[in-house]
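Novice: From the sequence below, what's the structure:
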Amino acid sequence: MSTLSTITVRLLDSSGQLTPPAAVPRIVKTEAEWRALLTPEQFAILRAKGTERPFCGVFHDNHQDGLYLCAGCGLPLFSSAAKFDSGTGWPSFLRPVAAENLTAVADSSHGMQRTEILCTRCEGHLGHVFEDGPPPLGLRYCLNSESLRFVSSAPKPHS
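Specialist: The predicted structure follows:
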C-alpha cells in the first residue's frame, strides 16, 4: 500500500516501556512469507482484510493487564487500560498506545463508509474505528482478536 521504506512509530524498550517516536524499516513480505509466518486465521484477517465472527475471538473477553501487539510484526497497539466492553463482540479500545502506530484508511467495502485501521509497520488489517465510543473521545477502536498478540503485564513468579 505505502511506498515508504521507513516509518515513524513507537516501539517497546527492554523494560516494556514505549520508546520515543523513531524511524524504523517498514516490514514488507511476500504473500508466501506471510502465509508461512501467520496462522490461516491470522492471514485471513491481517492480509486478506477479513473479519472474525463476534463473541468468538480469544481477546473479546480478556480482562488481564497487558499490551496488545500486532500479530504480524509485534508493534505495540493497545493497552488493556484502554479496553472496554462495547457489547459488540469484538475487543474494543478507547485509544491506541501511540497514534503513529496505526494508519487510518477510508473503507467503503460492503456498502458502508468506515475507517479501517492498519498496523503502520506491516500494514496488517486490524479492524475499524467508529465514532460511537464513550466520552471523552467518543471513539471505539474495534479489533479482530486474530490481528493481535497479547503480552501480560502480570508479575512473573520468582524461581
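
Novice: So Ala71 is in contact with Val151, correct?
Specialist: No - under the criterion of Cβ atoms under 8 Å, Ala71 makes no contact with Val151, lying 11.6 Å away. Using the backbone N, CA and C atoms, a C-beta is placed for each residue, glycine as well.

Novice: Which residue ranges of this structure form helices?
Specialist: 31-37, 40-46 (DSSP state H).

Novice: Could you list the buried residues of the first one?
Specialist: Along helix 31-37, the positions that meet the burial threshold by neighbour count (16 or more other Cβ atoms under 10 Å) are Trp34, Leu37.

Novice: circling back: quick one: which of Ala71 and Val151 has more around it?
Specialist: Shown here are Ala71 and Val151; by other Cβ atoms under 10 Å, Ala71 has more neighbours (27 against 15).

Novice: Give me the nearest residue to that one, chain neighbours excluded.
Specialist: Arg149 (4.7 Å; Cβ to Cβ, 6 or more residues apart in numbering).

Novice: Compile the helices of the chain into a markdown table and extend it with columns for distance to Glu100 and mean pLDDT.
Specialist: Converted to a markdown table, the helices of the chain look like this (distance: least, Cβ to Cβ, whole Å; pLDDT from 0 to 100):
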| stretch | distance to Glu100 | mean pLDDT |
| --- | --- | --- |
| helix 31-37 | 23 | 97 |
| helix 40-46 | 19 | 97 |
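
Novice: Can I get these in a markdown table including distance to Arg95?
Specialist: Output for the helices of the chain, formatted as a markdown table (distance: least, Cβ to Cβ, whole Å):
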| stretch | distance to Arg95 |
| --- | --- |
| helix 31-37 | 28 |
| helix 40-46 | 21 |
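
Novice: I'd like to know which of those helices is closest to Ala99.
Specialist: helix 40-46 (20.2 Å; Cβ to Cβ).
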